[in-house]
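Novice: Give me the fold of what follows.
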Amino acid sequence: MNTPRTSRRSFVLASLGASALAAAGPLRAQNWPERPITFICPWPAGGTADQSMRALCAVAAKVLGQAIAVENRAGASGMIGAKALAAAKADGYTIGQIPISVTRFSQLGSLQADPRKDFTYIARTSGQTFGIAVPANSPFKTLKDFVAAAKARPGQVTYAHAGVGGATHVGMEEFAGVAGIRLNHVPYKGGAEALQGVLGGHVDALADSSSWAPHVEAGKLRLLATWGEQRTLRFKDVPTLRESGYDVVVDAPNGIGAPRGIDPAIATRLREAFRTAVASPEFKAVADKLDAPLLYLDGPDYEKYVNAVYQKETVLIDKLKLRELMKG
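Specialist: As a prediction, this is how the structure comes out:
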């Protein structure tokens, strides 16, 4: 049976405990990081996204004074890694890349997380260079030739891509809609397999990020158009889709985040570290090598961008009937 004295003592102890916890929060943030940080990369080691993330982490680690260990958790178009990041402990010791396709796959059911609620956004970093490439012996010398053939033979001109619902598939279908053509998409398990499908002559064209670049330089493939805001430095003679008369821009920016709920002071330090990393000459050298345009946004602006893309994807999913395609 509780007496007034024991009740008062319990209240005092509870108050002291709450005060200690409140004081511990700022102390943890002040001392962070006290051990290495894990960075989840949702793509295979050695790919373009992996290379750019490792370059960023190397610089950010110097700023923070702790190592950042990159852990590759590839699969499901980047969603395995994204899910692991969303589910990680919100203590600042697990961060990772957030593919912008989380805005699409969360609505399609491939990601059991809500990008509007389940992440803390640190920085948008750089984009990717996507393009349409054809074999060197293809009758399509220009994008105009490609479109003309697709109009003459609706649904018969084929293109390879890295998977239904991914950036290359959705971007190509968006272009086809603007161009008024109907193409036959051929999904592969990844960009590397899609590339081999085109090099082997099984598919008419390739829609992918810059996996085609060395083959274009070697004369095995012909690049018809790129999908960014600006022409790429390495292929400055190749027009963008927009320059070709099709108002489509696809750059699928890479971004960095953490689980929702990390201490705001820790989030601020991460934002400062990756702001420095994106602006570093070390990262610029890697980005230029990968034809990756710098598209930096600070965390709060990056979060607004993600929310805007989520709304756009809602419309695009219905327009392209992606739910039906995913089931098929």
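
Novice: What pLDDT is listed against residue 174?
Specialist: Among the per-residue scores, residue 174 holds a pLDDT of 92.

Novice: What of the one 3 residues further on?
Specialist: Residue 177 is assigned a predicted lDDT (pLDDT) of 93.

Novice: need the contact list for it.
Specialist: Residue 177 sits next to 319-320 when contact means C-beta atoms under 8 Å, 6 or more residues apart in numbering. For glycine as for every other residue, the C-beta is placed from the backbone atoms N, C-alpha and C.

Novice: can you tell me how far it sits from residue 171?
Specialist: Noted for residue 177: a distance of 11 Å to residue 171, by C-beta to C-beta, to the nearest Å.

Novice: would you list every one of the helices in the stretch 151-300 of the chain?
Specialist: Assigned by DSSP state H, counting those that start in this stretch, the helices in the stretch 151-300 of the chain fall at 167-179, 191-199, 213-217, 264-278, 281-289, 299-319.

Novice: which of the ones you listed is buried the deepest?
Specialist: Most buried of those, by mean neighbour count (mean count of other C-beta atoms under 10 Å): helix 167-179, with a mean of 21.

Novice: next one: it to chain centre, how far?
Specialist: 18 Å (C-alpha atoms, centre = their mean, to the nearest Å).

Novice: Also stretch 247-267?
Specialist: Distance, centroid of stretch 247-267 to centroid of chain: 9 Å (C-alpha atoms, centre = their mean).

Novice: re the thing from before, Serialize the helices of the stretch 151-300 of the chain to a markdown table and add fields for distance to residue 117.
Specialist: Below are the helices of the stretch 151-300 of the chain laid out as a markdown table (distance: least, C-beta to C-beta, whole Å):
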| stretch | distance to residue 117 |
| --- | --- |
| helix 167-179 | 23 |
| helix 191-199 | 30 |
| helix 213-217 | 37 |
| helix 264-278 | 15 |
| helix 281-289 | 30 |
| helix 299-319 | 10 |
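
Novice: correct me, but residue 180 touches residue 150?
Specialist: No. Taking contacts as C-beta atoms under 8 Å, residue 180 lies outside contact range of residue 150: 9.1 Å.

Novice: Between these two, tell me which one has more neighbours.
Specialist: residue 150 (23 against 10; other C-beta atoms under 10 Å).

Novice: In terms of helices and strands, where is that one?
Specialist: Element membership for residue 150 (DSSP states H and E) is helix 143-152.

Novice: what sits up against that helix?
Specialist: Helix 143-152 is contacted from outside by 132, 134, 139-140, 156-157, 176, 179-183, 205, 224-225, 239, 241, 244, using C-beta under 8 Å, 6+ apart.

Novice: Can you select the buried ones from those in ChimeraX?
Specialist: Buried residues among these (16 or more other C-beta atoms under 10 Å), as a ChimeraX selection:
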select :132,134,140,157,176,179,181,183,205,224,225,239,241,244
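
Novice: from the contacts of helix 143-152, which ones fall inside strands?
Specialist: Using DSSP state E, the subset of the contacts of helix 143-152 located in strands is 132, 134, 205, 224-225.

Novice: ok, these vs residue 91, which is closest?
Specialist: residue 132 (43.8 Å; C-beta to C-beta).

Novice: Now do the contacts for residue 262.
Specialist: So residue 262 contacts 90-92, 120 (C-beta under 8 Å, 6+ apart).

Novice: longest strand anywhere in the chain?
Specialist: Assigned via DSSP E, the chain shows its longest strand as strand 119-126.

Novice: Adjacent strands (with direction) for that strand?
Specialist: Using DSSP bridges, the strands paired with strand 119-126 are strand 255-259 (antiparallel), strand 294-298 (antiparallel).

Novice: average pLDDT across that strand?
Specialist: 97.

Novice: between that strand and helix 281-289, how many degrees?
Specialist: Orientation of strand 119-126 against helix 281-289 (axes from the mean of the first three to the mean of the last three C-alpha atoms, to 10 degrees) gives an angle of 70 degrees.

Novice: Now do strand 119-126: everything it contacts.
Specialist: 52, 56, 85-86, 90, 95, 98, 113, 253-262, 267, 270-271, 274-275, 278, 287, 292-303, 305-306.

Novice: measure stretch 172-186 end to end?
Specialist: Distance between the two ends of stretch 172-186: 12 Å, counting by C-alpha to C-alpha, to the nearest Å.
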